[in-house]
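>>> need the 3D shape of this:
(one chain, ligands or ions: 3)
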Amino acid sequence: MPLSRRTTLTQFLIEERRRFPEASGDFNALILDVAMACKAIARSVAFGALGDVLGAQGSTNVQGEAQQKLDVIANHMFVRANEWGGHLAAMASEEMDEPCAIPAEYPRGKYLLVFDPLDGSSNIDVNVSVGSIFSVLRAPADAVASGRELTTADFLQPGTQQVAAGYALYGPTTMLVLTVGTGVHGFTLDPNLGEFKLTHPSIRIPDDTQEFAINASNARFWEPPVKRYVDECLAGRTGPRGKDFNMRWIASMVAEAHRILMRGGVFLYPRDTKDASKPGRLRLLYEANPIGMVMEQAGGRASTGREPVLAVQPDGLHQRIGLVFGSKHEVERIERYHREPAMVKDDNPLFASRSLFRDAA
Ligand code: AHG
Ligand code: MN
Ligand code: MN
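Ligands and ions are numbered 1, 2, ... in the order given. Here you go, the predicted structure:
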C-alpha cells in the first residue's frame, strides 16, 4: 500500500514548531508521549473481554468512585509513557490522590500534565465509546529553576493558562483531538501504521444547534435557569424557541464533546442540588478545562453557567464544577438565563409558550 500523503501527528507538530525557531522540541516530544499513551490505551480497550481489562478493580479513587480495571490500566499507561522523557515536572490524574512526582532516575522538565486517563468508565463494560482527556500547563518558573518538589498548589492554575489540551476517543475509530492554541485539529489512528493522521484540520463548531445533552434523571435537582432552558428545548416548535430539539446522552463526556465538535450541540452537567458537597459532577482540572479549551479554540464556548470555565481559579486538584459547553449561541443563552432574575415556581405560566419571556427568535 502506498504511503498516504496525509500529515502525521509528528509532521504536524514539527511544522507548527517551525513557526517558533527558539522552541526546544520538548513540547512536541511531550505531545508524542501523550499520543503513545493513548495508542496503548486504545489497544487495551480494543481487546475488551479477551484482554482481562473489563470489570471493577475492587478499589476506589480519591473521589470515592469505584475504579474499573481500565481506569487503573490507563492511568498506569499515561504515567509510564510520560515520566521518562524529561519534559515534565510532575503529573496529576483523576486516579491519583496527590500529584505524581517524576522518578529520580529521569530528568525533569518544565511542563505539568493533568489527565483523566479513562473518561466514561461506566461505558467500558458495555462497549460504548470511552476516551482520555489531557491538559498541559507550565510548571512555575521557581520550581523549574530550583528543582523543588511540585505540590498541589502548582497545579491550581486557571484554564486560560493551558499550553495545550485535547482528548483521545476510543470509538469505532481511535482519534486524537488536539489544540496547541492555534485552532483544533483531529487525527485518526491509522491501524496499519500505528500513526495518528490529520483527518479533521481546523474544526469549527456551528454557532447554533438543535441538539442538547443532559442527564435528565437529575431534573429534580436542577437550578431554575437549567430547568427553564431544558423545558424550552422540550417545548419544541410550539414553545418559546419555535423549533424542535433532539437530545443525546452517551455518559462519556469525551464522546459528547466530539459529537459537538463534529456537528454542533450543547452539553450540560450543571451544578445542581443533588449533593451539597459536590458543586457539579465533572472535575475542573482534567475534564472541564481541557474540554473548555478545545471548545473555545473551535469557536464554541465553555461556561459554568455563570462565568467562562477557563477563568475559574481552581482551589483543589479534584475540584468539581458545573459545566456547559458547545455551540456558542446556545451556551450564551444558558449564561443569560443564569443572569436573569430567578423565575418563581417550576410550573409558572410565564414559561408557557405565550410567556413574557418568549424569544423573538
Ligand atoms: P469518569 O468516567 O472519568 O469518572 O467520568 C464520567 C463522567 C463523564 O464522562 C460523563 O459525562 C458523566 O460522568 C456521566 O455521568 P452520569 O453517570 O451522571 O450520566
Ligand atoms: Mn471523566
Ligand atoms: Mn476517568
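>>> now name the helix or strand holding the residue nearest the centre of the chain.
Taking Cα atoms, centre = their mean, the centroid of the chain lies closest to I291, which sits 3.2 Å from it. In the assignment (DSSP states H and E), I291 maps to helix 289-297.
>>> also Y167?
Going by DSSP H and E, Y167 is part of strand 164-170.
>>> now the strands for the stretch 201-350 of the chain?
211-213, 246-247, 266-269, 282-283, 301-303, 320-321, 323-326 (DSSP state E, counting those that start in this stretch).
>>> ugh, wrong one, I meant the stretch 51-200 of the chain
Using DSSP E, counting those that start in this stretch, strands in the stretch 51-200 of the chain cover 56-60, 66-68, 88-93, 100-101, 111-119, 130-138, 164-170, 174-179, 185-190, 195-200.
>>> contacting residues for D244?
Q210, G236, R237 (Cβ atoms under 8 Å, 6 or more residues apart in numbering). (Each C-beta comes from the backbone N, C-alpha and C, glycine too.)
>>> what's the neighbour count on the first one?
A count of nearby residues for Q210, using other Cβ atoms under 10 Å, gives 16.
>>> list the contacts of the nearest residue to it once chain neighbours are set aside.
Leaving aside its chain neighbours, Q210 sits nearest to F245 (5.1 Å; criterion: Cβ to Cβ, 6 or more residues apart in numbering). F245 sits next to Q210, E211, F212, C233, L234, G236 when contact means Cβ under 8 Å, 6+ apart.
>>> just checking, the second one touches F267?
No - here E211 does not reach F267: they are 9.7 Å apart, not a contact under Cβ atoms under 8 Å.
>>> neighbour count winner among those two?
Taking neighbours as other Cβ under 10 Å, E211 and F267 compare with F267 leading, 28 against 19.
>>> and the stretch 101-250 of the chain, which of its residues are near ligand 1?
Contact residues, the stretch 101-250 of the chain versus ligand 1 (Cβ under 6 Å from any ligand atom): D116, D119, G120, S121, S122, N215.
>>> put the alpha carbons of the top helix by length along the chain into PDB.
Across the chain, the longest stretch assigned as helix under DSSP state H is helix 26-47. Presented in PDB, the C-alpha positions along helix 26-47 are these (Å, rounded to 0.1, in the frame of the first residue of the first chain):
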ATOM      1  CA  ASP A  26      10.300  19.400  24.500                       C
ATOM      2  CA  PHE A  27       6.700  20.300  23.900                       C
ATOM      3  CA  ASN A  28       6.400  18.200  20.700                       C
ATOM      4  CA  ALA A  29       8.100  15.300  22.400                       C
ATOM      5  CA  LEU A  30       5.600  15.600  25.300                       C
ATOM      6  CA  ILE A  31       2.600  15.500  22.900                       C
ATOM      7  CA  LEU A  32       4.000  12.500  21.200                       C
ATOM      8  CA  ASP A  33       4.400  10.700  24.500                       C
ATOM      9  CA  VAL A  34       0.800  11.500  25.300                       C
ATOM     10  CA  ALA A  35      -0.200  10.100  21.900                       C
ATOM     11  CA  MET A  36       1.800   7.000  22.700                       C
ATOM     12  CA  ALA A  37      -0.200   6.500  25.900                       C
ATOM     13  CA  CYS A  38      -3.400   7.000  24.000                       C
ATOM     14  CA  LYS A  39      -2.400   4.400  21.400                       C
ATOM     15  CA  ALA A  40      -1.500   1.900  24.200                       C
ATOM     16  CA  ILE A  41      -4.900   2.500  25.900                       C
ATOM     17  CA  ALA A  42      -6.700   2.100  22.600                       C
ATOM     18  CA  ARG A  43      -5.100  -1.300  22.200                       C
ATOM     19  CA  SER A  44      -6.200  -2.400  25.700                       C
ATOM     20  CA  VAL A  45      -9.700  -1.100  25.100                       C
ATOM     21  CA  ALA A  46      -9.900  -3.000  21.800                       C
ATOM     22  CA  PHE A  47      -9.200  -6.300  23.400                       C
END
